[in-house]
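Visitor: Need a 3D model of the sequence below.
(2 chains)
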Number of protein chains: 2
Amino acid sequence: MPRGGVTHRGEQMALIAGLVHDRSTDPRIGELLGNVEGTPLLSDGESVEAVNVRELRRDFDRETRLPRRLVEEMARVSALSSQAWSEARDHDDFKSFAPFLEQTFALAREKADAIGYAGVRYDALLDDYEPAMTTDRLSELFAHLRTELVPLVESLRNQPRSDSNSPEREFPVDRQRAFSEEVAAKLGFDRECGRFDLGPHPFCSMIGTGDVRIAARYQPASFTNGFLGVLHETGHALYEQGLDAAHYGTPMGDAVSLGIHESQSRLWENYVGRSRGFWLHFYPQLQKAFEEQLRDVPLDAFRATMNVVTPGLIRVEADEVTYNLHVVIRFELERALLDGDLRADDLPSAWAERYRNYLGIAPENDRVGCLQDIHWSEGLIGYFPTYTLGNVYSAQLFDAAERAIGPLEDAFAAGEFRTLREWLGENIHRHGKRYVAADLVEKVTGNPPNPSALIASLSQRYGG
Amino acid sequence: MPRGGVTHRGEQMALIAGLVHDRSTDPRIGELLGNVEGTPLLSDGESVEAVNVRELRRDFDRETRLPRRLVEEMARVSALSSQAWSEARDHDDFKSFAPFLEQTFALAREKADAIGYAGVRYDALLDDYEPAMTTDRLSELFAHLRTELVPLVESLRNQPRSDSNSPEREFPVDRQRAFSEEVAAKLGFDRECGRFDLGPHPFCSMIGTGDVRIAARYQPASFTNGFLGVLHETGHALYEQGLDAAHYGTPMGDAVSLGIHESQSRLWENYVGRSRGFWLHFYPQLQKAFEEQLRDVPLDAFRATMNVVTPGLIRVEADEVTYNLHVVIRFELERALLDGDLRADDLPSAWAERYRNYLGIAPENDRVGCLQDIHWSEGLIGYFPTYTLGNVYSAQLFDAAERAIGPLEDAFAAGEFRTLREWLGENIHRHGKRYVAADLVEKVTGNPPNPSALIASLSQRYGG
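Guide: Have a look, this model is predicted:
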């Protein structure tokens, strides 16, 4: 956005947020909900009616506790702060961004206090992205993960690297695109009800029933990044396309949580797309598409290039193992910022310290340190943990799928992905928001959310 | 848009149109306007208050005459029809689109009848895009133009063509982009309050105060198309950037009409960007940017390549002379479709007949014939004439500018564009909607809208 447009953008965002707030807190909604609550219509708590009323009540109550002034101010500051973040990052000038960060966390504190919480303040924010998850539970889960992953990463630090994605081998972008989109379609992405585009950041966007879009980014120097990005977004898209269109616009037709959403993307990316079976099926086709680049690269050598673990500074470029430590760091720091235990000015040093402790490296500047993510500048606090929850859930769900269906490698090797997709559709997608995330995971896997499956899978696949 | 998303898009568009209609016809608006109308506050008809009240009343009355059902239906059909058009064009299948076209014109008839009109039905639609212009006046103006241009085009049919844009010479897109954006900035485009991007269609978009964006499209095979496209959009952008930001969001801070808007784009494209003075200043710089391509091309030979007149089938690719005949054809045909004198099924043959009569060529299929424009499929009827009104006004305004300032070629040759820009700012931009288009043109040029200046300029520059 041009600098001159920022103020106006802030005013527009504030106005829209205010109008949405007015609509969603209309007392008439409370009355209508009150009319059905406690009636026999809702006696089955898992019925469509009961779920929709429960979730609408939840949203109504949360929103009603926020004053319109605060909603507008958060929207306005989000616009100004995102722009300040963008400029600060471009010039590696954290000082210019610190006041915005301070203000954003002050507003988040105000928001959390207005909403209220049973345990700690952070609960109220987390609840926006991962309803019913608590800070205590998350802290325990993350501590467990950290304890296991830090030594695993340390042990992998000096593993030999083989990298057929080295700059010598260029993968023409148009062929990457054709291959990736064809694979996504074979996994079940419905192109009649969606489309692929190119974009500066990979994402998946549900425009509405029958219109789910994937933006991909391909780089000639790395096939793996672009391709796994498409599988990731395809996982999100299959969830959206698997929701019950008859319930569109109501909680029963909506995704459970960001964590569950991320579990779908990670499952297809990591448990399907990195598997040997998958490449037994697709590698010959890939070799045909990139004959010069891959003719002399055997299947397992190729797979080894996708599965390199290297501690790095940038979250979005992180491998499957170290990624979770990037998230743990953000979780710990945003809690401290929210509670006032850490001042914005002191973020860079706190950031460097944690990177040193958990990943054994530290950023040489804030661009590749605490200025790398847009989230906080937009007011997204309590959001980061859902990335790792997605990894945790995905491991549990894939285990459960294999227990239910049988080992899947052979199916993948035969190009058969429908069984897994349908199992996910049946057990996750079609339920919409019927169950909160933790209950859904427990119902489907037999266990509450916990990182054991993820740790086991990572250790088995990457450990010595 | 994926085919599966069309229905939902239609419902969304209908809902939004309905909500906007509700807001803009709120009886409270009528009451508030009534409170000030007839009071001394508005006694000076050119005052900010009087202009704003006049224009708000106009919009309120027009909108209030439309039933919500019709507004919703037009939005819904527009979404479905655009999609049908896109598929029909891709498959050169006019028959599949004809029912949508029939329905669109039926709704337009209903709309015009609901709004009402003094003269003919088309007046009511034209008034959306060029307020206060009438069909009678337009018919006369277009008849005059057609009478002069058809023989001019005929006389130029066999002119020798010199074309340094021939496929042998490729103009790398990144250098085209750098050069074009630098020129736009020199003409006065403020990059602090705007930005350039690439897009599939050139356009200029006012996001809000301080944020005016230009999308450009460059092709290696033709420098002229991309560059003149940027000048065109720059003309639109200078108008938006020249509006009084203090009046943003009210009629006094808004453009007069589509015709006046187009006059600004055409003036910079045709009267500045095609002039000899302009290229005396910029050609050395262009030759430096494209040394291999232009080293051996003298200034006047280069200019000759920009100013070739060739009757073609595609409006958006048309030269400065034939362009207006493309518009006249659409004006005549949309009037006939609206009045029911022409049935949608008969459009292809009527189209071909007029192209033969006015331009001496006829389309070999509907893709390059009556399926080429998106406008009618979106319900934009009464819009096409504003393109040619823009050409008409631009000639009148440029004449007036030179009468007021003196001949401008020398200024352009010296790289001086500020005087012209400021003259336009003073006489056009800063007034917002103070005057309707015809009055503004008459006030600034001394004459009501008429095509004499345009015809004189085209004849002088292109005539034998």
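Visitor: who's in contact with the residue in the stretch 251-400 of chain A positioned nearest to chain B?
Guide: Going by CB to the nearest CB, chain B is nearest to residue A:253 of the stretch 251-400 of chain A, at 12.1 Å. (C-beta placed from N, C-alpha, C; glycine too.) In this structure, residue A:253 makes contact with A:243, A:244, A:245, A:246, A:247, A:432, judged by CB atoms under 8 Å, 6 or more residues apart in numbering or on different chains.
Visitor: ok, now residue A:148?
Guide: A:451, A:455, A:459.
Visitor: Scan the residues you listed and report the most crowded one.
Guide: Among these, the one with the most neighbours (other CB atoms under 10 Å in any protein chain shown) is residue A:451, at 25 neighbours.
Visitor: Let me know the pLDDT of the closest residue to residue A:436 other than its chain neighbours.
Guide: Leaving aside its sequence neighbours, residue A:436 sits nearest to residue A:132 (CB to CB, 6 or more residues apart in numbering or on different chains; 4.0 Å). pLDDT recorded at residue A:132 is 94.
Visitor: Go ahead and confirm residue A:132 touches residue A:435.
Guide: No. Taking contacts as CB atoms under 8 Å, residue A:132 lies outside contact range of residue A:435: 9.5 Å.
Visitor: Contact partners for the closest residue to residue A:156 other than its chain neighbours?
Guide: What sits nearest to residue A:156 in space, not counting adjacent residues and going by CB to CB, 6+ apart, is residue A:309, at 4.5 Å. Applying CB under 8 Å, 6+ apart, we find residue A:309 in contact with A:153, A:156, A:159, A:319, A:320, A:321, A:322, A:462.
Visitor: and which of the contacts of residue A:253 is nearest chain B?
Guide: Nearest member of the contacts of residue A:253 to chain B, counting by CB to the nearest CB, is residue A:245, at 9.0 Å.
Visitor: Please give the number of neighbouring residues around the closest one.
Guide: Residue A:245 sits with 15 neighbouring residues when counted by other CB under 10 Å.
Visitor: Pipe the contacts of residue A:253 into TSV and attach distance to residue A:15, secondary structure and pLDDT per row.
Guide: Below are those laid out as TSV (distance: CB to CB, whole Å; DSSP: H, G, I helix; E, B strand; the rest coil; pLDDT from 0 to 100):
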residue	distance to residue A:15	secondary structure	pLDDT
A:243	31	coil	97
A:244	34	coil	97
A:245	32	helix	95
A:246	34	helix	96
A:247	30	helix	97
A:432	31	coil	98
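Visitor: List only buried entries from these.
Guide: For those, a burial check counting by 16 or more other CB atoms under 10 Å in any protein chain shown picks out A:243, A:244, A:247, A:432.
Visitor: Can you tell me which residues in the stretch 151-300 of chain A are near chain B?
Guide: A:190-195, A:207-211, A:213, A:248 (CB under 8 Å from any CB of the partner chain).
Visitor: among the contacts of residue A:309, which two are most distant?
Guide: The span of those, defined through CB to CB, is set by A:159 and A:320 at 13.9 Å.
Visitor: which of those two has more neighbours?
Guide: residue A:320 (21 against 12).
Visitor: got the residue ranges for the strands in chain A?
Guide: A:194-198, A:203-208, A:211-216 (DSSP state E).
Visitor: give me the residue from the stretch 51-200 of chain A nearest chain B.
Guide: Nearest to chain B, among the residues of the stretch 51-200 of chain A, is residue A:193, at 3.4 Å (CB to the nearest CB).
Visitor: ok, now the stretch 1-150 of chain A?
Guide: residue A:5 (2.7 Å).
Visitor: what does the stretch 351-464 of chain A give?
Guide: At 16.6 Å from chain B, residue A:429 is the closest residue in the stretch 351-464 of chain A, using CB to the nearest CB.
Visitor: Can you get me a residue count around the nearest residue to residue A:259 once chain neighbours are set aside?
Guide: Residue nearest to residue A:259 in three dimensions, not counting chain neighbours: residue A:389, with 3.4 Å by CB to CB, 6+ apart. Neighbourhood size, residue A:389 [other CB under 10 Å]: 30.
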